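Peer 1: curious how this folds, go ahead:
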Amino acid sequence: MVEQLKRDWVAWLLTLGAVITLAGPLGMLRELGQSFGGYITFQRSTSMLPEIDLNTPAWWSGIINNRAGHGDTLVSVNGRPHATEARSAYAEAAQNGQTSAALAVIPDNESETRTVQVPINTFSLGYFFDVRMPDLITGFVLWASALIVYLARPNEPANRTFALAAATVGYTRILYVHTVFFDSAYATTVEIWLSILLAFNGAVTYHFAMSFPQPIQRKAVRFSIILVYLLGVMTAIGLVTSRIPSLSPEYRSTAYWTGYYLSIILLLVGVVALVSRLLWMRFSPSSSKRDRRISSILVMGLLISMPAILVSGFNALDWSPSLPSYFWKGLDLRFLLLAIPLTFAFVFTRYQAMHSPSRVFIILIGLSSSALTAAIGSWLWTLSYPMWQDSGLRPPFMVLFITALATTLFWSIAARWRSMLGRDLNWSGYSNTTLRAFGRRIVTTEENEIPQSIVDALVSEFELDQAAIWVYQPNDSTLRLAAQSGTQQTPLPSLMTITESYPEDQFRPFRANELASVTAEWAQSLVASGGVELYLPLISGGQVQGLLGLGSRWDEDVFDDRDLETAELVSQQAALFLAAARYIRELKRVPDAWPMSRSGTPTIGSRIT
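Peer 2: Numbering: from 1, shown residues only. Alright, predicted model coming up:
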């Protein structure tokens, strides 16, 4: 990433953009300790009156029991104008010992003002996590997904445009809710940054749609990309200038609504283009099986996120007579947005970059699944206690989220431990690592030291009490003890005669109790000696190379069935090593059988005698 920062503006966007968007959560943290009415405020640049933000959790005291509702216009608090004096009105009421305040609101889609009594609360970390946790998690997952995809192939157009789109949308989510009261220059500044990001959400989405999975190399498409970015610039100018108080109200209103609807149109165009291209990939006869699999995964992610997307669309276009909330019967739909970055990041790292998912991606899955599990658990908790709102309790999201995340991280880390627990949770990875370590130790060994190296590696890498190897002697058809390692429990037979009972045609490992039924002398010698739990015939090219004996594991009692699979691979490697060592020894004797010229090289036409 450091090298990319020296020459790539996308790397700078991913780095500096993440720093700038910290203004979102910091702005909300500045509200800690403030008295408020149990709701979050949002104010359009063209309106003199604020309204209740749709991100206000459905269980907050300001809107439960129909006190007020999402989208209601806020007129006054205790008779003082809400837009300019709400903060001081709530603070003064709290200092006077009042537990509630008179809030005058104009309900959404109504024109008459009504007054409700809202409890006075103190904004705490609990409220902060209630309102910011979904967006912070979603924004972080989007940014991290952008970083993963970008670093996988920083010069690939599809990877770059995805990183651009995911980071832009992620920064938007992080900045989206940044204050309780819109009454400070800090809130206005953050809102300007947010307006710029919102202006380009549609443009970067459209750009990505035209670049994935491969860029469309047509002049009309390139022209359309330039056009949407120019429209994004116009949108940003309109939204930003609408926040300049020195301009006339008429100009500010025109600039705001032009930029507002243009940003929605651009985002709609980008989403439609992306969905259309994915559907074309899925159903086009010319698409490969791989492309159809990719499109199916991505469409599934979009479908999972669709409830939250529809709520945002209905709110933006006001298609609903009553503004829908992100909270469907208490379920926080914003967490469903996590499906989009996760599916795209998986596709890019697995299908585009040909990489297996990185550990960071696994952490993102754990983070997202923990958040969604906690959201569903909190929702079920609210359904189980219909009167919970009146009791002053909040859903146990944070407790469930921390518990689920800690459990996920514990098992993820435990699976990598070099222990019995690690073998059980990540047997495939554990076995592969062990087999690689075993092979590396043998290939660096001289041929005359291979038997000893094999048993030493087995004891060390497979955590055995002992191991022994018998090498086949073709001259007298015997197995001779060539090496052993570990703690010797009982003396092992040093020489065993091979008969027709030796399983030359079988490669599987044998447990000690299986040899008890074999009447051959060599088998009975092994059974009588004890101390060895597993026997592995070493056969290569249809010829016996030897026999390998494995003692018990020091960390558990028996070899399970999965261990037998690993042992079979070990026997194949050991047989090949022994065969190769034998061939090398024979080749070293070859020069002695060839007539030499005066120069010391074999003469042409000579043969072995």
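
Peer 1: buried ones in stretch 579-589, by neighbour count?
Peer 2: Across stretch 579-589, burial judged by 16 or more other CB atoms under 10 Å covers 579-582. (Glycine included, C-beta is placed from N, CA and C.)

Peer 1: what is the burial count for the residue nearest to L534 when sequence neighbours are not counted?
Peer 2: Excluding its sequence neighbours, the residue lying closest to L534 (CB to CB, 6 or more residues apart in numbering) is L550, at 4.2 Å. Other residues lying near L550 total 27 when counted by other CB atoms under 10 Å.

Peer 1: likewise for A23?
Peer 2: Neighbours of A23 (other CB under 10 Å): 17.

Peer 1: what's the spacing between it and I63?
Peer 2: 27 Å (CB to CB, to the nearest Å).

Peer 1: with E112 instead?
Peer 2: Taken as CB to CB, the span from E112 to I63 is 19 Å.

Peer 1: higher neighbour count, those two?
Peer 2: I63 (24 against 6).

Peer 1: who's in contact with that one?
Peer 2: Applying CB atoms under 8 Å, 6 or more residues apart in numbering to I63 gives the contacts 38-39, 52, 56, 69-70.

Peer 1: and the residue nearest to L534, what are its bridge partners?
Peer 2: A467, L534 (DSSP bridges).

Peer 1: list the contacts of D130.
Peer 2: 57, 59-60, 394, 397.

Peer 1: with G38 instead?
Peer 2: Counted by CB under 8 Å, 6+ apart, G38 has contacts 60-63, 118-119, 121.

Peer 1: show me where the stretch 51-200 of the chain has its helices.
Peer 2: For the stretch 51-200 of the chain, the helices defined by DSSP state H, counting those that start in this stretch cover 82-95, 125-152, 157-175, 185-209.

Peer 1: quick revisit: dump the contacts of I63 to a markdown table, plus distance to F162 and pLDDT.
Peer 2: Below are these laid out as a markdown table (distance: CB to CB, whole Å; pLDDT from 0 to 100):
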| residue | distance to F162 | pLDDT |
| --- | --- | --- |
| G38 | 39 | 89 |
| Y39 | 36 | 91 |
| I52 | 35 | 89 |
| T56 | 32 | 86 |
| G69 | 38 | 83 |
| H70 | 32 | 81 |
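
Peer 1: Serialize those to a markdown table and add fields for distance to E565.
Peer 2: What follows is the contacts of I63, written out as a markdown table (distance: CB to CB, whole Å):
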| residue | distance to E565 |
| --- | --- |
| G38 | 60 |
| Y39 | 60 |
| I52 | 61 |
| T56 | 56 |
| G69 | 62 |
| H70 | 58 |
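
Peer 1: pick the one among the residues you listed closest to N475.
Peer 2: N475 has its nearest neighbour among the contacts of I63 in T56, at 88.9 Å by CB to CB.

Peer 1: residue contacts, the closest one?
Peer 2: Counted by CB under 8 Å, 6+ apart, T56 has contacts 39-40, 62-63, 70, 131.

Peer 1: any idea which of these has the most stuff around it?
Peer 2: I40 (29 neighbours).

Peer 1: where are the low-confidence patches of the stretch 301-450 of the chain?
Peer 2: 313-325, 329-330, 349-359, 387-392, 412-433, 444 (pLDDT under 70).

Peer 1: could you pull out the strands for it?
Peer 2: 327-328, 331-332 (DSSP state E, counting those that start in this stretch).

Peer 1: select, out of the ones you listed, the one closest to L175.
Peer 2: With respect to L175, and counting by CB to CB, the nearest of these is strand 331-332 at 18.9 Å.

Peer 1: who are the packing partners of the closest one?
Peer 2: Applying 3 or more CB pairs under 8 Å, 6 or more residues apart in numbering; DSSP states H and E, we find strand 331-332 packed against helix 359-384.

Peer 1: against which helices or strands is the helix it packs on packed?
Peer 2: helix 125-152, strand 331-332, helix 339-347, helix 397-414.

Peer 1: would W470 count as being in a helix?
Peer 2: No - W470: not assigned to a helix; according to DSSP: H, G, I helix; E, B strand; the rest coil it is strand.

Peer 1: any idea how far L481 is from it?
Peer 2: Separation of W470 from L481 (CB to CB): 5 Å.

Peer 1: tell me which of the two has more neighbours.
Peer 2: The residue with more neighbours, out of W470 and L481, is W470; 28 against 19, by other CB under 10 Å.

Peer 1: unless I'm mixing things up, that one is touching I498, no?
Peer 2: No - look at W470 against I498 with CB atoms under 8 Å: they stay out of range, at 9.8 Å.

Peer 1: got any residues that touch both of these two?
Peer 2: L479.

Peer 1: once you drop chain neighbours, what's closest to T172?
Peer 2: That would be L197: by CB to CB, 6+ apart, it lies 4.5 Å from T172.

Peer 1: list the contacts of the one you found.
Peer 2: L197 neighbours (CB under 8 Å, 6+ apart): 168, 171-172, 175.

Peer 1: repeat that with 6 Å
Peer 2: By CB atoms under 6 Å, 6 or more residues apart in numbering, the contact list for L197 reads 168, 171-172.

Peer 1: any idea how far apart the tips of stretch 462-477 sit?
Peer 2: 30 Å (CA to CA, to the nearest Å).

Peer 1: buried stuff in that stretch?
Peer 2: Neighbour-count burial for stretch 462-477 [16+ other CB under 10 Å]: 462-472.

Peer 1: want to try a markdown table for those, with pLDDT and distance to T46 as columns?
Peer 2: What follows is the buried residues of stretch 462-477, written out as a markdown table (pLDDT from 0 to 100; distance: CB to CB, whole Å):
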| residue | pLDDT | distance to T46 |
| --- | --- | --- |
| F462 | 76 | 72 |
| E463 | 76 | 71 |
| L464 | 81 | 77 |
| D465 | 81 | 80 |
| Q466 | 83 | 83 |
| A467 | 85 | 80 |
| A468 | 86 | 86 |
| I469 | 86 | 85 |
| W470 | 85 | 90 |
| V471 | 86 | 89 |
| Y472 | 84 | 91 |
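
Peer 1: so which of the contacts of I63 are in strands?
Peer 2: I52 (DSSP state E).

Peer 1: which one of the contacts of I63 is nearest L564?
Peer 2: Nearest member of these to L564, counting by CB to CB, is T56, at 59.5 Å.

Peer 1: quick check: phi and psi at the closest one.
Peer 2: Torsion angles at T56 (phi, psi; degrees, to the nearest 10) stand at phi -60, psi 120.

Peer 1: F348 and Y150 touch, don't they?
Peer 2: No - with contact defined as CB atoms under 6 Å, F348 and Y150 do not form a contacting pair (9.3 Å).
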